[in-house]
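Enquirer: Just to be clear, the model below is a prediction. Sequence and coordinates:
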Amino acid sequence: MVLAALLVVALVALAALGWQYRDGRLTETARTEALAAARKAAPIVLSYDHRHLDKDFSRARAHLTGDFRDEYGKTTKTVVAPTAQKYRGVVKATVAAPGSGDAPAASVVSASPDKVVVLLFVNQVTESTQVSGSRVDLNRVRMTMDRTGDGWKVSAVDAL
């Protein structure tokens, strides 16, 4: 009887360790995939050109999911588009490259198998009738990435 109880305890412990190992592997894969998706999405989501706003916003929405996708659509239609058209705005975002290296300045803040929060250093160059020449804004952006049936999508963007 004692041997049977020990065997059950050992099997439960082994199953728990196996589950933790599996979760760790899934989380590590999520970190890598979501970071790559965020690096790709950030310049698209954070850029636009008054000459082709519908195309730019449509491309951006393809990288978004959930309530944030809906919020983005409303904000770009009611705020960004009218302002961009009025002042002939062009915003080009790039993920900054630290120092002399080629790797973008991006890092995972937290991760689980289905949700990853990424910190990105994003440079935005803005040209408009309100700016003489161009203005460069050095931004820090927290981007939440959710695993969807179509891959990793942006579910939140917060300027820091």
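Expert: Right, received. Where do you want to start? Residues are numbered from 1 along each chain as shown.

Enquirer: which stretches of the protein aren't confidently modelled?
Expert: Applying pLDDT under 70 to the chain flags the ranges 3, 6-18, 21-24, 99-104.

Enquirer: Run through the helices of it in chain order.
Expert: 2-45, 53-61, 66-75, 81-87 (DSSP state H).

Enquirer: right, and the ones you listed - which one's nearest Leu120?
Expert: Judged by Cβ to Cβ, the one of the helices of the chain that comes nearest to Leu120 is helix 2-45, at 5.3 Å. The way it works is simple: take the backbone N, C-alpha and C, and place the C-beta from them, glycine included.

Enquirer: Pretty sure Asn123 sits against Ala93.
Expert: Yes: at 7.0 Å, Asn123 counts as touching Ala93 under the criterion of Cβ atoms under 8 Å.

Enquirer: which one of the two has more residues nearby?
Expert: Higher neighbour count among Asn123 and Ala93: Ala93, with 21 against 17, using other Cβ atoms under 10 Å.

Enquirer: Against Asn123, how distant is the closest residue to that one other than its chain neighbours?
Expert: The shortest distance from Ala93 to any non-neighbouring residue, by Cβ to Cβ, 6 or more residues apart in numbering, is to Leu46 (3.7 Å). Counting by Cβ to Cβ, to the nearest Å, the separation of Leu46 from Asn123 is 10 Å.
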